[in-house]
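Student: got a predicted structure plus its sequence, pasted below:
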Amino acid sequence: MRTGPPVFPDHPDQHGLATRAQLLMAGFTRSAVRNAARRDWQQVRPGVFAPHRGPLEPEVRLAGAALWAGPPAVLSGTIALRQHGLTGARTDEALFLVPTTHRSRQEGRVRAVRTGRPVRVALHAGCIAVTNVERALVDAAIYQGGADLTALTIAALQRRLTTSDRLEAELAAAPRRGTRPVRQGLATFVRGAWSMPEGALADLVEDDPDLPPMLLNVPLLTTDGACLIGTPDGFFPAAGVAVQVHSRQFHSGYDDEGTDLWSLTVEGDGAYPEHDVICLGVTPWSIHRRPEATLARIRTVVLRNVGRAYGPVRVGDEVVGSVGETG
């Protein structure tokens, strides 16, 4: 039998938060909860409380949003993508999916939307159930929108956080409204591009009828297949020309071991000339803002070298370059 005053409940997976129902079960009366919320506690979301009035970290606020949405709720949309490691996703709104037995509602930047489709839980972050990447991408497109979703789709596929088959199945099961950015990202990835700038490069080259075919992201190996020379963003086998899209976003800063990423890029590009492959660097800015000039550079280098001998190098099952033609 309880002999002292009730104690704020401690649920380890809730970042120190508690719902009104949990407080009542712990022995607090409704009036005691109201009084404490005015004096000593803070209400994180309606019906969700913290036992102090100090600042709350983002993960605590997200836990509060999940508790407000209720036990059946599953996090989806852009914040779910961040939970899967896609740090470029926006964090301005938390989107939760609830079954049709619940109602859709919104409180500030937190939304709970009803869905009749099954929702798969891919992971748990404390008290937060998180759906899989493909569902989060599609829901972000339908309910939240944003120009960054095409790039996020490509990034998710490139990092193998989902697969093209799983994403296609999710798109087929979902309403088409709003999903165009995800469909564009999927189409760009399927054609071989690993980023939006690479997709723009492919579009630029395909529009020129004089250029020979360019392969996207194909590994170039030594003829015995034992050594990887590199995986250029674009490669013209008929000319022995590799095209690299150098982005500050991906090629600057340091990796987890403290290695300068720009140095790795420069040194990696230096491997191509060792095999007589010409390496031509372009930037996303030049592709977007100066497409004609960028295409002219590519045309000049590629057409000048069509048919020349280089390498040889292995591209998949084929050896190319020894006499300038596929062998």
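Tutor: Looks like it arrived, so ask away. Since we're looking at a predicted model, the values are computed, not measured.
Student: could you identify the longest helix within the chain?
Tutor: For the chain, the helix with the greatest residue count under DSSP state H is helix 291-305.
Student: show me what counts as buried in it.
Tutor: By neighbour count, and taking 16 or more other C-beta atoms under 10 Å as the criterion, the buried residues in helix 291-305 are Thr294, Leu295, Ile298, Val301, Val302, Leu303, Asn305. Quick note: C-beta positions are derived from backbone N, CA and C, even for glycine.
Student: how about a markdown table for those, with pLDDT and distance to Thr153 added?
Tutor: Compiled in a markdown table, the buried residues of helix 291-305 are given as follows (pLDDT from 0 to 100; distance: C-beta to C-beta, whole Å):
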| residue | pLDDT | distance to Thr153 |
| --- | --- | --- |
| Thr294 | 95 | 24 |
| Leu295 | 95 | 26 |
| Ile298 | 96 | 26 |
| Val301 | 97 | 31 |
| Val302 | 97 | 30 |
| Leu303 | 97 | 34 |
| Asn305 | 96 | 35 |
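Student: which one among those gets closest to Pro99?
Tutor: Thr294 (50.5 Å; C-beta to C-beta).
Student: I figured the closest one hits Ile287, correct?
Tutor: Yes - the criterion here is C-beta atoms under 8 Å, and Thr294 meets it with Ile287 at 5.5 Å.
Student: what touches both of these two?
Tutor: Residues touching both Thr294 and Ile287 by C-beta atoms under 8 Å, 6 or more residues apart in numbering: Leu204.
Student: just to revisit the earlier point, CA atoms of the longest helix of the chain as CSV?
Tutor: The C-alpha coordinates for helix 291-305 follow below in CSV (Å, rounded to 0.1, in the frame of the first residue of the first chain):
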residue,chain,number,x,y,z
PRO,A,291,24.6,23.1,-69.5
GLU,A,292,25.6,24.2,-73.0
ALA,A,293,29.2,24.9,-72.0
THR,A,294,29.4,21.7,-70.0
LEU,A,295,28.1,19.6,-72.9
ALA,A,296,30.5,21.4,-75.3
ARG,A,297,33.5,20.4,-73.1
ILE,A,298,32.3,16.8,-73.0
ARG,A,299,31.7,16.7,-76.7
THR,A,300,35.2,18.1,-77.5
VAL,A,301,37.0,15.6,-75.3
VAL,A,302,34.9,12.6,-76.2
LEU,A,303,34.6,13.1,-80.0
ARG,A,304,38.3,13.9,-80.3
ASN,A,305,39.2,10.5,-78.7
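Student: TSV for the buried residues of helix 291-305, including distance to Cys127?
Tutor: Output for the buried residues of helix 291-305, formatted as TSV (distance: C-beta to C-beta, whole Å):
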residue	distance to Cys127
Thr294	50
Leu295	53
Ile298	52
Val301	56
Val302	56
Leu303	61
Asn305	60
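Student: with respect to Thr115, which of these is nearest?
Tutor: Thr294 (43.8 Å).
Student: hmm, back to that, and the longest helix of the chain, how far out from the chain middle?
Tutor: 32 Å (C-alpha atoms, centre = their mean, to the nearest Å).
Student: by contact count, what packs against the helix or strand following that helix?
Tutor: Using DSSP states H and E, the helix or strand that follows helix 291-305 in sequence is strand 313-315. Secondary-structure packing of strand 313-315 (3 or more C-beta pairs under 8 Å, 6 or more residues apart in numbering; DSSP states H and E): strand 220-221, strand 318-320.
Student: parallel or antiparallel, list what pairs with strand 313-315.
Tutor: Applying DSSP bridges, strand 313-315 is found paired with strand 220-221 (antiparallel), strand 318-320 (antiparallel).
Student: just name the most buried of those.
Tutor: Across these, averaging neighbours per residue (mean count of other C-beta atoms under 10 Å) puts strand 220-221 on top, at a mean of 22.
Student: average model confidence for that one?
Tutor: In this model, strand 220-221 has a mean pLDDT of 94.
Student: how far is the helix or strand following that strand from where the chain is centred?
Tutor: Downstream of strand 220-221, the first helix or strand assigned by DSSP H and E is strand 228-230. Put simply, strand 228-230 sits 26 Å off its chain's centre (C-alpha atoms, centre = their mean).
Student: give the buried residues for strand 228-230.
Tutor: Buried residues in strand 228-230 (16+ other C-beta under 10 Å): Ile229, Gly230.
Student: where do the helices sit along the stretch 1-150 of the chain?
Tutor: 20-25, 30-39, 58-69, 77-83, 133-139, 149-158 (DSSP state H, counting those that start in this stretch).
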